[in-house]
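1. Give me a 3D structure for the following:
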Amino acid sequence: MPTDATASPGVQVCSLKRDTPQSIPANSPYTIVRFPFGTAESADRFTMHQVNQPDGYVITSWDTDDRSGLIWPSTAGWGVLYAMIQWEAGGYDELRDQFVRDPLGLTPTPGDTTATEHRPPSPGMQCWTKQWGVFVDPAVPLAVRAAHDDGVARSIVLAEFKLVIHPAA
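-> Have a look, this model is predicted:
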């Protein structure tokens with residue numbers, strides 16, 4: 001995995017897409033949104049989302065292993081995170097989402113959340129997009145997490161998670 005910002009000209013991109021439902025428990029803490037690998041993902045030219053994780057861990061089931069929701073930045077730089085989440089209809093009073101650095105405590109400084117949003121539902125289907133900029137480091141994985149306050153488990157029916165890394169001086 002390249003770790004030097006000059007390893008490739010231009011921006012480096014990882015673009016993930018999930019088009020199968022993921023159940024999010026009722027009134028639970030934030031849940032990592034998980035994404036498939038290989039041909040099922042949108043784009044990962046810079047190997048930021050791999051079954052064989054940079055720390056040696058190997059994911060055997062992307063749909064049940066929270067590590068499948070991690071993007072490991074390919075280089076240090078200014079990262080712009082994007083997410084799109086579509087929820088099934090439900091009895092929500094509030095939908096929640098956030099970006100998080102190292103959500104699984106794999107580094108000495110885990111769980112640094114940013115861009116946390118709590119939203120009231122809109123009429124019809126619940127569709128949200130967000131973007132946020134952060135400095136990124138190859139040793140610190142990133143994820144998007146979601147939660148809701150409905151009294152029963154509800155599903156995210158479509159999700160995307162993207163990282164674009166710009167060189168930073």
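2. Figure out the helix or strand that residue 133 lives in.
-> strand 126-136 (DSSP states H and E).
3. Beyond that strand, next helix or strand please.
-> strand 142-148.
4. Measure how far that next one is from the centre of its chain, please.
-> From the chain centre to the centre of strand 142-148 is a distance of 7 Å (CA atoms, centre = their mean, to the nearest Å).
5. Likewise for stretch 85-105?
-> Taking mean C-alpha positions (CA atoms, centre = their mean), stretch 85-105 and its chain are 10 Å apart.
6. Tell me, how many residues neighbour the nearest residue to residue 154 once chain neighbours are set aside?
-> Nearest non-adjacent residue to residue 154, counting by CB to CB, 6 or more residues apart in numbering: residue 90, 4.5 Å away. To be clear about C-beta, it is placed using only N, CA and C from the backbone, and glycine gets the same treatment. By other CB atoms under 10 Å, 17 other residues sit near residue 90.
7. Roughly how far does the residue lying closest to residue 103 once chain neighbours are set aside sit from residue 46?
-> Among residues not flanking residue 103 along the chain, residue 143 sits closest, at 4.7 Å (CB to CB, 6+ apart). With distances taken as CB to CB, to the nearest Å, residue 143 is found 17 Å from residue 46.
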